[in-house]
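# structure for this input, please:
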Amino acid sequence: MQDSKDKGKKFERFVRAFFRQVPGFEIKDNDSINIGWTDLDVVILNKNEHLKNLLGTIVVVQCKNYSEPVSWKEIAESLIQALVYKENNGGSVLATTSYLSERAKKAVDLMMGKCGKINFLAIDKEDWEQYFSSDIDEITFLENLVLNFPRKRYLKER
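Got it, this is the predicted structure:
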């Protein structure tokens, strides 16, 4: 039986492998980078001209291999990372094998509504299932997610 740390590392390896498939993405190969208050599971230098405007030039990824929904605390951490990297035209992604809790969705709504344009994206179980059940390429997959996130799923119509 695998412990949760082993499962988490497997998911991180999968996420790294996925992002390596994106043309123009350079993945930093070190294990998680601890920056004091959190760790960065995957760091991407984005040289893909099309995706730079959508995700930023530096993209940090938090990987959450959870069976329970992702809480607002994990979302807040990822959104803070997006804000930190915003000045360097960067952004953050939260990749999970689960879903976002209702409070997490409200945190996304609040933060993205109050902070202006920040490059933040959550990729959840439903998104991964859609990717694997289609013939869509990685760039189109990411582009569709960014263009529909979070407006399609979370933000209230204003």
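# doesn't L110 make contact with L79?
No. L79 is not in contact with L110 according to CB atoms under 8 Å; the separation is 9.3 Å. Glycine gets a C-beta too; all of them are placed from N, C-alpha and C.
# who has more neighbours out of the two?
L79 (22 against 16; other CB atoms under 10 Å).
# residue boundaries of the strands in the chain?
Taking DSSP state E as the criterion, the chain contains strands spanning 25-28, 33-34, 39-40, 42-46, 58-64, 90-96, 119-123.
# the first one pairs with which strands, and in what direction?
Each strand pairing with strand 25-28, determined using DSSP bridges, is listed with its direction: strand 42-46 (antiparallel).
# quick one: the partner strand to strand 58-64, angle?
Between the axes of strand 42-46 and strand 58-64, defined by axes from the mean of the first three to the mean of the last three CA atoms, to 10 degrees, the angle is 150 degrees.
# now the angle from strand 42-46 to strand 90-96?
In terms of direction (the same axes, to 10 degrees), strand 42-46 departs from strand 90-96 by 140 degrees.
# can you list the neighbours in contact with strand 42-46?
Residues outside strand 42-46 that contact it (CB atoms under 8 Å, 6 or more residues apart in numbering) are 12, 15-16, 19, 24-28, 30, 33, 52, 55-61, 63.
# drop anything exposed from those residues.
Buried members of the contacts of strand 42-46, scored by 16 or more other CB atoms under 10 Å, are 12, 15-16, 19, 25, 27, 52, 55-61, 63.
# sorry, back to before: weakest of the strands of the chain by average pLDDT?
Among the strands of the chain, strand 33-34 has the lowest mean pLDDT, at a mean of 50.
# buried ones in the helix ranked longest in the chain?
The longest helix of the chain (DSSP state H) is helix 4-20. Neighbour counts using 16+ other CB under 10 Å place G8, K9, F11, E12, V15, R16, F18, F19 of helix 4-20 among the buried residues.
# could you list the alpha-carbon positions for it in PDB?
The C-alpha coordinates for helix 4-20 follow below in PDB (Å, rounded to 0.1, in the frame of the first residue of the first chain):
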ATOM      1  CA  SER A   4       0.200   9.700   0.600                       C
ATOM      2  CA  LYS A   5       3.700  11.000   0.100                       C
ATOM      3  CA  ASP A   6       4.400   8.400  -2.600                       C
ATOM      4  CA  LYS A   7       1.100   9.100  -4.300                       C
ATOM      5  CA  GLY A   8       1.900  12.800  -4.200                       C
ATOM      6  CA  LYS A   9       5.300  12.300  -5.800                       C
ATOM      7  CA  LYS A  10       3.800  10.100  -8.500                       C
ATOM      8  CA  PHE A  11       1.300  12.900  -9.300                       C
ATOM      9  CA  GLU A  12       4.100  15.500  -9.400                       C
ATOM     10  CA  ARG A  13       6.000  13.300 -11.900                       C
ATOM     11  CA  PHE A  14       2.800  13.000 -14.000                       C
ATOM     12  CA  VAL A  15       2.300  16.800 -14.000                       C
ATOM     13  CA  ARG A  16       5.900  17.400 -14.900                       C
ATOM     14  CA  ALA A  17       5.600  14.900 -17.800                       C
ATOM     15  CA  PHE A  18       2.400  16.600 -19.000                       C
ATOM     16  CA  PHE A  19       3.900  20.100 -19.000                       C
ATOM     17  CA  ARG A  20       7.100  18.800 -20.800                       C
END
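# okay then, goodbye and thanks.
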